[in-house]
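Novice: any chance you can model this:
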Amino acid sequence: MDTEERREATPVAGDGAYVPQQLWVEEPAARPRMADPVRTAAVRAVIIISLTVIQAMAALLFTLSGAWLAFPVTMCCVASTVVATWAVLDVWVTRQVWNQRNGVVSVPSSTARRLRRERRRARRAARAAARGTSRIRRRGSGRLSQA
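Specialist: Residues are numbered from 1 along each chain as shown. Here you go, the predicted model:
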């Protein structure tokens with residue numbers, strides 16, 4: 001909803017008095033909300049990555065200034081990079097586990113859909129053929145018993 005649309009939609013009471021507009025307008029989200037464990041892992045990963053970037057900047061500045069802390073901070077930065085990579089993988093794995101446990105509806109590809117349709121048609125044709133032959137047998141057996 002644009003600002004102009006909200007202004008035009010301003011409610012007016014029956015006697016012409018101005019009615020104040022709502023402060024909060026609920027609009028539907030474009031994407032569904034992330035699951036709680038996934039969101040927790042993502043927040044943790046963002047915090048770890050931001051600390052790693054800060055450490056990398058400190059290591060760069062210490063190296064440029066020739067300070068004795070350059071080497072220890074660089075080693076910590078390397079370790080933090082490994083931890084940050086692990087945190088990002090944790091987000092990915094947590095998301096996959098959540099989707100697997102809570103049954104996300106997957107849409108089959110067009111190839112799988114086409115193969116399923118072909119199998120279904122073949123089964124229907126086989127059933128119809130079996131029905132047709134069983135009817136012929138019943139009719140034939142009925143004629144023999146009448147004679």
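
Novice: element containing Ala87?
Specialist: Following DSSP states H and E, the helix or strand that holds Ala87 is helix 70-101.

Novice: got it, and Leu64?
Specialist: Here Leu64 sits within helix 36-65, counting by DSSP H and E.

Novice: re the thing from before, what residues sit buried inside the helix holding Ala87?
Specialist: Using 16 or more other C-beta atoms under 10 Å as the burial criterion, the residues of helix 70-101 that qualify are 70, 73-74, 76-77, 80-81, 84, 87, 90-91, 94-95, 98. Using the backbone N, CA and C atoms, a C-beta is placed for each residue, glycine as well.

Novice: and which of the residues you listed is nearest to Ile49?
Specialist: Top of the list for closeness to Ile49, among these and by C-beta to C-beta, is Ala84 at 4.9 Å.

Novice: can you pull the pLDDT of that closest one?
Specialist: At Ala84 the predicted local distance difference test score is 97.

Novice: same question for the one 10 residues further on.
Specialist: pLDDT, Thr94: 94.

Novice: for the residue lying closest to Ala58 once chain neighbours are set aside, give me its contacts.
Specialist: The shortest distance from Ala58 to any non-neighbouring residue, by C-beta to C-beta, 6 or more residues apart in numbering, is to Val73 (5.5 Å). Residues in contact with Val73 (C-beta atoms under 8 Å, 6 or more residues apart in numbering) are 55, 58-59, 62.

Novice: fine by me, we can end here.
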